[in-house]
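Participant: Quick check, what structure comes out for this input:
(one chain, ligands or ions: 1)
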Amino acid sequence: MQSGMSAGGNFALQSEGRDGPHVAIIMDGNGRWAARRGLPRVAGHHAGVAAVRRVVERAPELGIGTLTVYAFSSDNWRRPAFEVRSVLALIAAYLRLERDALREAGVRLEAIGRRDRLPRMLLREIAQCEAATAGGTRLHLRVAVDYSSRDAIARAAARAARGLHGSGTPELVERAMAETLREEGGDVDLLIRTGGEKRLSDFLLWESAYAELVFTDVMWPDFGAADLEAAVEEFRGRERRFGGVPVCERIADSGQRSGNAQVGTTTSAQRAQSSRRETGWVDPVEKAIGVIEPTQAKGGLEWGTVDIGGGR
Ligand code: FPP
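Facilitator: This is a model prediction of the structure:
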């Protein structure tokens, strides 16, 4: 996919193996948007569909590869029956009315979430839209309907347990679950929530482990292409470390700063000594017990301490 972002931006740091970053949106604020205008809540949902259209149109131009929108959560069944019916009907109408436009735009639509509780007419529209847009390669649009992340995780765990026939270690179970959840859309790079609240509401919890979060006060029906661009811009400005350290600090700590030619092969003791020389800072733990260093032992790698002296 052709990226609309400048080269070297944070979009380059997406999880590997996908065409473009995965952006997920919790579309919140429809009810409040309507209430502020003296309108019924469902009028807010209607206005929300127009926002979905705007975002779907702009997403591929920004280089987004996958877009997942939270249209109806499994907890939304608790809403008044009239509102539930209206939202499900709106989703069905969107799928029918936008089907051709999505196909022409190269958008592949997929519904995620449970299918066993959805009305038949919605299931029909989902099947037809998924079939009609199956060849789309510009954007993978995932609409979450009757979706619960805890439920998805539990199902992935059950599948992993079946596949491993009860003999799985935690690592194997995690790998099998990650595979299942990756097949379904993969890690989220940027998660946006509109409407001013700051919570995840059971949305893509596993997949968002390292997602960058952007919360905006804009109510979903007011959300437009410029708001999506602003969120993407903020994302690009963030440094993603996935639990590591910034690249420049990694290089400095590995000895390159002091001109050490053997970057990557320096021992912890050498690094500690050169750091002492350069910064004057003496690590109190090293002072007390020495530098912790991996050593090759009979049964594999072991950790021991090396006294580098000078600091005591
Ligand atoms: C949350 O706002 C929004 C929903 C539960 C429904 C979202 C549905 C749409 C935008 C329309 C259909 C979607 C597609 C993909 C065609 P809220 O009602 O909780 O707002 P509030 O917090 O202001 O009450």
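
Participant: Who's the closest spatial neighbour of the residue nearest the centre of the chain, skipping the chain neighbours?
Facilitator: The centre of the chain sits closest to residue 188, judged by CA atoms, centre = their mean, with a distance of 1.4 Å. Sequence neighbours aside, residue 211 is the residue nearest to residue 188 in space, at 4.1 Å (criterion: CB to CB, 6 or more residues apart in numbering). In short, each C-beta sits where N, CA and C put it, glycine included.

Participant: How confident is the prediction for the one you found, by pLDDT?
Facilitator: Note on residue 211: pLDDT of 97.

Participant: Isn't it up against residue 186?
Facilitator: No: counting by CB atoms under 8 Å, residue 211 stays clear of residue 186, with 11.2 Å between them.

Participant: returning to what we had before: wasn't the residue nearest to the centre of the chain part of a helix?
Facilitator: No: secondary structure of residue 188 (DSSP: H, G, I helix; E, B strand; the rest coil): coil, not part of a helix.

Participant: Quick check: beta-bridge partners of the residue in the stretch 101-250 of the chain that the ligand sits nearest to?
Facilitator: Of the stretch 101-250 of the chain, the residue with the smallest distance to the ligand, taken as CB to the nearest ligand atom, is residue 143 at 4.8 Å. Taking DSSP bridges, one obtains residue 69, residue 111 as the residues bridged to residue 143.

Participant: Check which residues of the longest helix anywhere in the chain are buried.
Facilitator: As assigned by DSSP state H, the longest helix anywhere in the chain is helix 81-104. Using 16 or more other CB atoms under 10 Å as the burial criterion, the residues of helix 81-104 that qualify are 86-92, 94-95, 98-99, 102-103.

Participant: can you list these in JSON lines and add distance to the ligand and pLDDT?
Facilitator: Shown next, in JSON lines, are the buried residues of helix 81-104 (distance: CB to the nearest ligand atom, whole Å; pLDDT from 0 to 100):
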{"residue": "86", "distance to the ligand": "9", "pLDDT": "98"}
{"residue": "87", "distance to the ligand": "5", "pLDDT": "98"}
{"residue": "88", "distance to the ligand": "9", "pLDDT": "98"}
{"residue": "89", "distance to the ligand": "10", "pLDDT": "98"}
{"residue": "90", "distance to the ligand": "5", "pLDDT": "98"}
{"residue": "91", "distance to the ligand": "5", "pLDDT": "98"}
{"residue": "92", "distance to the ligand": "9", "pLDDT": "98"}
{"residue": "94", "distance to the ligand": "4", "pLDDT": "98"}
{"residue": "95", "distance to the ligand": "8", "pLDDT": "98"}
{"residue": "98", "distance to the ligand": "8", "pLDDT": "98"}
{"residue": "99", "distance to the ligand": "12", "pLDDT": "98"}
{"residue": "102", "distance to the ligand": "11", "pLDDT": "98"}
{"residue": "103", "distance to the ligand": "16", "pLDDT": "98"}
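
Participant: For those, name the two members farthest from one another.
Facilitator: Of all pairs drawn from these, the greatest distance, 26.2 Å, lies between 86 and 103 (CB to CB).

Participant: Near the ligand, which residues of the stretch 151-300 of the chain? Just list them.
Facilitator: 195, 220 (CB under 6 Å from any ligand atom).

Participant: Can you pull the poorly scored residue ranges out of the stretch 151-300 of the chain?
Facilitator: Within the stretch 151-300 of the chain, the ranges that satisfy pLDDT under 70 run 247-265.

Participant: can you map out the helices along the stretch 151-300 of the chain?
Facilitator: Counting by DSSP state H, counting those that start in this stretch, one finds helices in the stretch 151-300 of the chain at the ranges 170-183, 225-237, 247-253, 268-279, 284-289.

Participant: Would you mind finding the most buried of the ones you listed?
Facilitator: helix 225-237 (a mean of 18; mean count of other CB atoms under 10 Å).

Participant: distance between it and the chain's centre?
Facilitator: Helix 225-237 sits 15 Å away from the centroid of its parent chain (CA atoms, centre = their mean, to the nearest Å).

Participant: who's in contact with that helix?
Facilitator: Outside helix 225-237, the residues that touch it by CB atoms under 8 Å, 6 or more residues apart in numbering are 5, 9-11, 21, 23, 54-55, 57-59, 62, 64, 189-190, 192, 194, 212, 214, 216, 218.

Participant: Out of those residues, which sit inside strands?
Facilitator: 23, 190, 192, 212, 214 (DSSP state E).

Participant: how deep is residue 140 tucked in, by neighbour count?
Facilitator: Neighbour count for residue 140, taken as other CB atoms under 10 Å: 25.
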